[in-house]
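Visitor: can you look at this prediction? I've put the sequence above it.
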Amino acid sequence: MSAYSTLCEILFVFLPFCLLALPVEGAEKAIEFYVSPAGHDGWSGKKKAPNKAKTDGPFATITRARDAIRSLGSRARSSAPIKVIIRGGVYQLTEPIVFLPEDSGAPERPVTYQAYAGETPVISGGREIAGWTRAENGIWKAQVPGANDGHWIFNQLFVDNTRAQRARLPKSGFYDVDGGVSKDEKSQFKYHANDIDPAWASAGDVEIIILYVWSECRMPIVAVDPAAKLVTLAGRSSLFIFSGTPRYWVENAPGSLSLPGEWYLDRQNGVVSYLPLPGQDMTQAQVIAPALKQLVLFEGDAKAKAPVGNIQLIGLTFEHTDWELPKTGYVDRQAAYDIPAAIEANGATAITIEKCTFTHLGNYAIAFGKGCKHNLIRANEITDVGAGGIKIGEPAIREAEAEQTGDNKVTDNHIHEIGIVYPAAVGVWVGQSGGNTISHNHIHDTNYTGISVGWTWGYGPTNAHSNIIEYNHVHDIGRGILSDMGGIYTLGRQPGTIIRNNLFHDITSYGYGGWGIYPDEGSSDILIENNIVYNCKSAGFHQHYGKENIIRNNIFAFAKECQLRRTRMEPHLSFTFQHNIVFWKEGPLLGSNWSDEQYRLDYNLYFEASGAPVKFGELSLAEWQQRGQDKHSLIADPLFIAPDKYDFRLKPGSPAFKLGFKPIDISKVGPSRRK
């Protein structure tokens, strides 16, 4: 062979790869791989459908596409954007998809996994259950391979794309503990009448869910003394001491399946039972139970400064993850913060999760933990999940900068109908993490707090600082299930944190603590401005304790128990409260402790719409002003356009303008309209 021929062959083989690295004018042409349920992992991943001989076409799995990208090498990945285009259909996982540092894209050329235009790819951790037969009382049963030997124990069931209710007692509402719950290593409590069946102890998998003030526990029953009406649980049911009488319910008890839409798993015999809804045909129904706890993992190494990054997930649907109960049960500290997520990341940077749907999950939807920076979570819908929506950061304070989490954006997401398994889970949780932006989210229908920021109780060290919480619409929070909550809840010192231009309303606790804006233990150095808060059970604003917060240019309306609450008196300035409008029809203006002078109130407008006299505790405005407070404030109708319709725009001539109040524009609150 001549030297010329040899050179031609070399160029023929290597020139296409060299061209990938050459700059081109205009938009770069992406490297594309395709994935389809009709594909095959032995094929090339090309767009075209399988040919008649079925010898080539798209891949069958996302994992195979990931591996194909790995094989390109880092040079090719940095030369052009890479897209994995996923056709519609269900992709049933047998294990989570894992992205490692070698799967990363380049900063300007990310690796994108996206839905094919107009189609819905579903990433599922579930398995279908078939072979249903009709039994007694209209109940249908199916054998579950692996259930009786512990290989496949599931805690959720979805029938025709709808969550079925795990068999529950009572059928509505709650039981009440007879007295309190002990704090023994295995907690005990007395029950009323026939609320507990002694036979449940021998079943081994009957669970009691107890609602405490701001948390819950989920515990298996291990013993029942019918003579003493005493039930013993598998572990200690709470980390705290609570007074009062807790409520509880029971799940997965034998013989408790009685309402349409309920199901029960008999683990000993490996049989699942279901009572269909009216019109539901079990010979045609699709029944899915989850087999995985998580679906996607980003596993970088923050300590070694080897992140996984520049990967995008766009337009995908994630379904069917389960929750898992330890033998000694689960005890929540607060916000179910330790429950894992369907998509979980550590050591991740510049990850984008956009326009995805998260539903039918047993845990949180998304979590960015240790060493996660500059990530974007945008325009996703999260609904029907066992825990909460999105977690940013950790409870731990990381000293090394590389292991700290910060500068992430959570924006334009719709988070609703959460806390189905873990009632205390929240819409967005930010732990020991700073510099994040939580904006334009719509969060509603939760059993506890909407947004929670900070994880230090008191004035100790914290990494939660400089977080911006703005333009969020947060409503129908609490729903009368738990207590001690807020539309937004903060903990610890947070210099640089700003809560602004949000709309919080309809915050309803079971007992005390349905607050709109709630700076709790040690919350300090926070600016709270331009928010509208209304229809809160307990108060529009409550600061438990903290220092030097600024609350200015907000509207607080229609709280019921009181309008403003301050709990703990301390020898420093609690907060400055200026240029605010407080408007109400019932309850006093001030609640709890205002007898010291460690706060500054001024230039505020107060109005009691029922016509009752406005009192500052027991004091008139003049007497209150003699104490040095609200020297320039007024009691007058603010002239809202339609307060009974919650239209808090101000008419011309409002006395609020004379006090320096600036109109609050809520037209940008909630998710932005993005193409």
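Guide: Looks like it came in fine. Numbers count the residues shown, from 1 in each chain.
Visitor: name all residues that make contact with residue 262.
Guide: Residues counted as contacts of residue 262 (CB atoms under 8 Å, 6 or more residues apart in numbering) are 164-168, 256, 274-275. Bear in mind the C-beta positions are built from the backbone N, C-alpha and C, glycine included.
Visitor: beta partners of it?
Guide: Residue 262 forms beta bridges with residue 165, as assigned by DSSP bridges.
Visitor: please determine how far it is located from residue 208.
Guide: Distance of residue 262 to residue 208, computed by CB to CB, to the nearest Å: 17 Å.
Visitor: for residue 93, same thing?
Guide: 32 Å.
Visitor: between the two, which is the more surrounded one?
Guide: residue 208 (27 against 21; other CB atoms under 10 Å).
Visitor: give me the contact list for the helix or strand harbouring the more buried one.
Guide: In the assignment (DSSP states H and E), residue 208 maps to strand 207-211. With CB under 8 Å, 6+ apart as the test, strand 207-211 has contacts from 174, 177, 181, 216-221, 231, 233, 237-238, 246-252, 325, 329, 423, 481-482, 510.
Visitor: just the ones of those residues in strands?
Guide: Counting by DSSP state E, the part of the contacts of strand 207-211 found in strands is 216-221, 231, 233, 247-251.
Visitor: out of the residues you listed, what pair is the most spread apart?
Guide: Spatially, the most separated pair among the ones in strands among the contacts of strand 207-211 is 220 and 247, at 18.6 Å (CB to CB).
Visitor: ok, back up a step: write the ChimeraX selection for whichever of the contacts of strand 207-211 are buried.
Guide: Here is the ChimeraX command that selects the buried residues among those (16 or more other CB atoms under 10 Å):
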select :177,181,216,217,218,219,220,221,231,233,237,238,246,247,248,249,250,251,252,325,329,423,481,482,510
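Visitor: picking that back up, can you list the strands that the strand holding residue 208 pairs with?
Guide: strand 216-225 (antiparallel), strand 247-251 (antiparallel).
Visitor: okay if I get those strands as CSV plus distance to residue 304?
Guide: As requested, the strands paired with strand 207-211 are arranged in CSV below (distance: least, CB to CB, whole Å):
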stretch, distance to residue 304
strand 216-225, 37
strand 247-251, 43
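Visitor: turn those into a markdown table, including mean pLDDT and distance to residue 622.
Guide: Putting those into a markdown table (pLDDT from 0 to 100; distance: least, CB to CB, whole Å) gives the following:
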| stretch | mean pLDDT | distance to residue 622 |
| --- | --- | --- |
| strand 216-225 | 97 | 48 |
| strand 247-251 | 98 | 46 |
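Visitor: out of those, the one nearest residue 366 is which?
Guide: The nearest among these, by CB to CB, is strand 216-225 at 21.9 Å.
Visitor: pull the closest one out as PDB, backbone CA atoms only.
Guide: The C-alpha trace of strand 216-225 is given here as PDB (Å, rounded to 0.1, in the frame of the first residue of the first chain):
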ATOM      1  CA  GLU A 216     -45.200  12.900  63.000                       C
ATOM      2  CA  CYS A 217     -44.000   9.400  63.700                       C
ATOM      3  CA  ARG A 218     -44.800   6.200  61.800                       C
ATOM      4  CA  MET A 219     -44.400   3.100  63.900                       C
ATOM      5  CA  PRO A 220     -45.200  -0.600  63.700                       C
ATOM      6  CA  ILE A 221     -47.300  -2.100  66.500                       C
ATOM      7  CA  VAL A 222     -45.300  -4.700  68.500                       C
ATOM      8  CA  ALA A 223     -47.600  -5.400  71.400                       C
ATOM      9  CA  VAL A 224     -51.200  -4.800  72.600                       C
ATOM     10  CA  ASP A 225     -52.500  -5.300  76.200                       C
END
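Visitor: give me the residues contacting it.
Guide: 186-187, 196-198, 200-201, 204-210, 230-235, 237-238, 325, 327-332, 421-424, 482.
Visitor: chain center to it, what's the gap?
Guide: Mean-position distance between strand 216-225 and its chain equals 27 Å (CA atoms, centre = their mean, to the nearest Å).
Visitor: number of nearby residues for the residue nearest to residue 647 when sequence neighbours are not counted?
Guide: Once flanking residues are discounted, residue 647 sits nearest to residue 641: 4.7 Å by CB to CB, 6 or more residues apart in numbering. Neighbourhood size, residue 641 [other CB under 10 Å]: 11.
Visitor: now do the SS call for residue 641.
Guide: Following DSSP: H, G, I helix; E, B strand; the rest coil, we place residue 641 in the strand state.
Visitor: check contacts around it.
Guide: Going by CB under 8 Å, 6+ apart, residue 641 touches 647-651.
Visitor: residue 331 reaches residue 238, doesn't it?
Guide: Yes. Counting by CB atoms under 8 Å, residue 331 touches residue 238, with 6.2 Å between them.
Visitor: what's the overlap in contacts for these two?
Guide: Common contacts of residue 331 and residue 238 (CB under 8 Å, 6+ apart): 215, 217.
Visitor: on the pLDDT front, check residue 304 for me.
Guide: In this model, residue 304 is scored at 86, pLDDT.
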